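In: sequence-free structure coming up:
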């Protein structure tokens, strides 16, 4: 197994976007999966109060852990003891904790391809072998119980993401239940990335905890709660795994930011404001789905949730990174190359985030239509 970690190419695209902006160009940032909105008003007010009254330090908020536990009861009907929740510096460290504390070097962990770039790279960095399973349009770009059952030998673990990045696809409840059953029968540990929960447009996403109480669940305040820059997430571990998760967290990351924890507690009770963001994303999604055929982009993953369009551009390029760079140079619209999410077929795909304002989506469409038309005309020659 190669331990080489591939770069996150969307970061280089974003760097180019910021350089163009510094030169006075108008840039629309659709390359990263982060809300363009800030933290909820109540969260910011709480942060101001704490800054004036609390010197802060290394700390893990008991009140926040209890509130997250209540969230699982309210949202999914699952009883979770607060001590099973380890607060982390975002979902990325939570993923590191889940993998490092659950698997040994040389273990094999299955995951869907395309999938979030950090899954593959974090596994490699921990000397765990990623077993990437090609999942195309026929599989809705998701793993299934049938695919997991067919793996021989059985992997030590599997990473599930629903809604998924980069596709936005959601695994239906019946399939999640089937995956849980297969994994129990074969002794496969489940790591469920639920960072995009709350961002659904067709049906609500279900937590793997509803079907497998011993799953490790990764989540964060970055997406639904619109707090990406506050760097706060959590890992929910099985009872017999809590000590290991705490040990890894303390040794590698100490504690998450105190200020973010105070703010997050207030954010969790800002549902009206946060649901307003979802309505913006819903409108943006509708605008893009209407416009994509005019761009010649008819082969897309169904964006059930999250805030992405994953589009096939094979008729225009076999180098999605260069394609995204040229698109940005010509139009000022920044997108992410598919090679970040799929090192094999991703050269034919791009990802667009619609977590921006609706006027920005409208402007992006106005810029993209003539550009894609010109690319299609050039390819036809």
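Out: Sure thing, it's come through. Note that the coordinates shown come from a computational prediction; the quantities given were computed from them, not determined experimentally.
In: gap between residue 258 and residue 59?
Out: Distance of residue 258 to residue 59, computed by C-beta to C-beta, to the nearest Å: 5 Å. (Each C-beta comes from the backbone N, C-alpha and C, glycine too.)
In: if you could redo that for residue 164, that was the one I meant.
Out: Where residue 59 is concerned, residue 164 sits at a distance of 33 Å (C-beta to C-beta).
In: who has more neighbours out of these two?
Out: Each of residue 164 and residue 59 has its neighbours counted (other C-beta atoms under 10 Å); residue 164 has more, 29 against 15.
In: does that one really touch residue 140, like I thought?
Out: No. At 9.1 Å, residue 164 does not count as touching residue 140 under the criterion of C-beta atoms under 8 Å.
In: next up, the contacts around residue 217.
Out: 192, 194, 207-209, 235-236 (C-beta atoms under 8 Å, 6 or more residues apart in numbering).
In: three-state assignment of it?
Out: What DSSP: H, G, I helix; E, B strand; the rest coil gives for residue 217 is strand.
In: show me the chain divided up by domain.
Out: Domain segmentation of the chain under the TED database yields 9-38+271-380, 56-269.
In: output these in CSV; the columns should cover mean pLDDT.
Out: What follows is the domains of the chain, written out as CSV (pLDDT from 0 to 100):
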stretch, mean pLDDT
domain 9-38+271-380, 95
domain 56-269, 96
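In: got JSON lines for those, with distance to residue 47 too?
Out: Below are the domains of the chain laid out as JSON lines (distance: least, C-beta to C-beta, whole Å):
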{"stretch": "domain 9-38+271-380", "distance to residue 47": "11"}
{"stretch": "domain 56-269", "distance to residue 47": "4"}
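In: compare these and give me the one nearest residue 50.
Out: For the domains of the chain, proximity to residue 50 was assessed by C-beta to C-beta; domain 56-269 is nearest, at 4.5 Å.
In: ends of the closest one, how far apart?
Out: The separation between the terminal residues of domain 56-269, taken as C-alpha to C-alpha, to the nearest Å, is 23 Å.
In: how much space separates residue 212 from residue 189?
Out: For residue 212, the distance to residue 189 - C-beta to C-beta - is 10 Å.
In: the residue positioned nearest the centre of the chain sits in which helix or strand?
Out: The structure's the chain has its C-alpha centroid closest to residue 165; by C-alpha atoms, centre = their mean the separation is 4.9 Å. Element membership for residue 165, per DSSP states H and E: none, as it lies in no helix or strand.
In: so it sits right up against residue 307, yeah?
Out: No. Applying C-beta under 8 Å as the test, residue 165 and residue 307 come out as separate, 9.6 Å apart.
In: mind listing the shared neighbours of the two?
Out: Residues touching both residue 165 and residue 307 (C-beta under 8 Å, 6+ apart): residue 33.
In: for the protein, what spans make up the helices?
Out: Along the chain, the segments classed as helices by DSSP state H run 9-22, 41-53, 62-76, 91-100, 117-125, 145-149, 173-186, 242-253, 258-267, 271-291, 320-331, 358-380.
In: closest one to residue 202 among those helices?
Out: Closest among those, using C-beta to C-beta: helix 271-291, at 10.5 Å.
In: ok now the closest one, how far from the chain's centre?
Out: The chain centroid and the centroid of helix 271-291 are separated by 17 Å under C-alpha atoms, centre = their mean, to the nearest Å.
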